[in-house]
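A.B. asks: sequence first, predicted model second:
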Amino acid sequence: MKIATFNINGIKARHAALCDWLDEAQPDVALLQEIKSVDENFPREVFEERGYNVETHGQKSFNGVAILSKLPLEDVRRGLPGDETDEQARWIEATVVGEHAAVRLCGLYLPNGNPAPGPKFDYKLAWMDRLKTRAAELLAQEEPALMAGDYNVIPQDADAARPEVWQDDALARPESRRAFREIVNLGFTEAFRARTLGPGHYTFWDYQAAAWDRNDGIRIDHLLLTPQAADLLTDCRIDKDIRNRPKPSDHVPIWVDLAA
DNA sequence: ATGTCGTAACGTTTACGA
């Protein structure tokens, strides 16, 4: 079961490029972030034509997450628990039943948090605290599950081409890295690092200052697996090449293959 | 040159978020 996560930076501007990638990568599941669309305006038909079931959790202009799945999506839940006043659309989960195992899928768009310090950084850390609570619940189920998406966290200096410029940024500050580590250390496997070590692997290149041409990237899109999901892991890769295409997102997809 | 995008709106340009 091939499960991808992809921050598409706006479905309205990206649906053609997204379809091209879906057609060739053929993921069974695609967890999307930054659809920047309300549910009613999401072009679900173009994905349904390709055999995908579609569940969205959108809002106007900003944020928004979605799940595309060739298998039926069961028990869909929208919104990260823990704060009834939070109106930002950043979390969606659902279950798919594979041939060998059922997998709980959680798609997330973690707050950017800049400028830091400040209220946006406080919101990021509070959101990560709620994420930790949900993460612990998932682990307690002792079943295959994953939390995947744009974490807006550079876990280590090796995950940035120029770590020194990110030192005081909300994506790399010690508080963000610590909160990320605390979640992983509850018992998750970070899928990419389970298979690939060393520097030079990125999922995001800023549109500005020719970052892509200079390979000035950062690794901020992650898939965290419960032990029962990690036992099924057979592959994890970054589809870097599509950043070269016309009208690319500033992120590229990263995916796992699970024997589920 | 605070360098690029995507989105929305009191829109042919500006503001915001990233």
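C.D. replies: Ah, there it is. Computed from a predicted model, the values in this text were never measured in an experiment. Residues are numbered from 1 along each chain as shown, chains lettered A, B, ... in the order given.

A.B. asks: please make it C-alpha for all contacts and neighbour counts, starting now.
C.D. replies: OK.

A.B. asks: contacts only, for A:D250.
C.D. replies: A:D250 makes contacts with A:I8, A:N9, A:F204, A:W205, A:D206, A:Y207, A:R243, as judged by CA atoms under 8 Å, 6 or more residues apart in numbering.

A.B. asks: return the residues of the stretch 101-250 of chain A in contact with DNA strand B.
C.D. replies: For the stretch 101-250 of chain A, the residues in contact with DNA strand B (CA under 7 Å from any atom of the strand) are A:P111, A:N112, A:G113, A:N114, A:Y207, A:Q208, A:A209, A:A210, A:K247, A:P248, A:S249.

A.B. asks: what's the burial count for the closest residue to the second one other than its chain neighbours?
C.D. replies: The reference is to A:N112. Excluding the flanking residues, the one nearest A:N112 by CA to CA, 6 or more residues apart in numbering is A:N152, at 5.6 Å. When counting by other CA atoms under 10 Å, one arrives at 23 neighbours for A:N152.

A.B. asks: check the gap between A:N152 and A:R219 for me.
C.D. replies: 9 Å (CA to CA, to the nearest Å).

A.B. asks: sec struct for the residue nearest to A:N112, please.
C.D. replies: coil (DSSP: H, G, I helix; E, B strand; the rest coil).

A.B. asks: list the residues that contact A:I242.
C.D. replies: Neighbouring residues of A:I242 by CA under 8 Å, 6+ apart: A:W21, A:P248, A:V252.

A.B. asks: go on, A:V252?
C.D. replies: By CA under 8 Å, 6+ apart, A:V252 lies in contact with A:F6, A:N7, A:I8, A:T203, A:F204, A:I238, A:D239, A:K240, A:I242, A:R243.

A.B. asks: I'd say the fifth one and A:G217 touch.
C.D. replies: To tie it back to what came earlier, the one meant is A:F204. Yes. A:F204 is in contact with A:G217 according to CA atoms under 8 Å; the separation is 5.5 Å.

A.B. asks: which parts of whichever helix or strand A:L131 is part of are buried?
C.D. replies: Here A:L131, judged by DSSP states H and E, is contained in helix A:119-141. Residues of helix A:119-141 classed as buried under the neighbour-count rule (16 or more other CA atoms under 10 Å) are A:120-121, A:123-129, A:131-132, A:134-135, A:138-139.

A.B. asks: how about residues contacting it?
C.D. replies: Against helix A:119-141 from outside (CA under 8 Å, 6+ apart): A:80-82, A:110-115, A:145, A:170, A:175-176, A:179-180, A:182-183, A:186-187, A:226-227.

A.B. asks: what separation do you get for the closest residue to A:G198 other than its chain neighbours and DNA strand B?
C.D. replies: Nearest non-adjacent residue to A:G198, counting by CA to CA, 6+ apart: A:A158, 6.8 Å away. Going from A:A158 to DNA strand B by CA to the nearest atom of the strand, to the nearest Å gives 20 Å.

A.B. asks: out of the contacts of helix A:119-141, which are inside strands?
C.D. replies: Members of the contacts of helix A:119-141 lying in strands (criterion: DSSP state E): A:A145.

A.B. asks: chain A: strands as residue ranges?
C.D. replies: A:2-7, A:29-33, A:53-57, A:65-69, A:74-78, A:91-97, A:102-109, A:145-150, A:189-190, A:204-205, A:217-218, A:221-225, A:233-238, A:254-258.

A.B. asks: re the thing from before, for the residue nearest to A:G198, which residues are in contact?
C.D. replies: Going by CA under 8 Å, 6+ apart, A:A158 touches A:G198, A:P199, A:G200.

A.B. asks: equivalent analysis for A:L110, please.
C.D. replies: A:R90, A:K124, A:W127, A:M128, A:G149, A:D150, A:Y151, A:N152.

A.B. asks: filter the contacts of A:D250 to the buried ones?
C.D. replies: Those of the contacts of A:D250 that meet the buried threshold are A:I8, A:N9, A:F204, A:W205, A:R243, by 16+ other CA under 10 Å.
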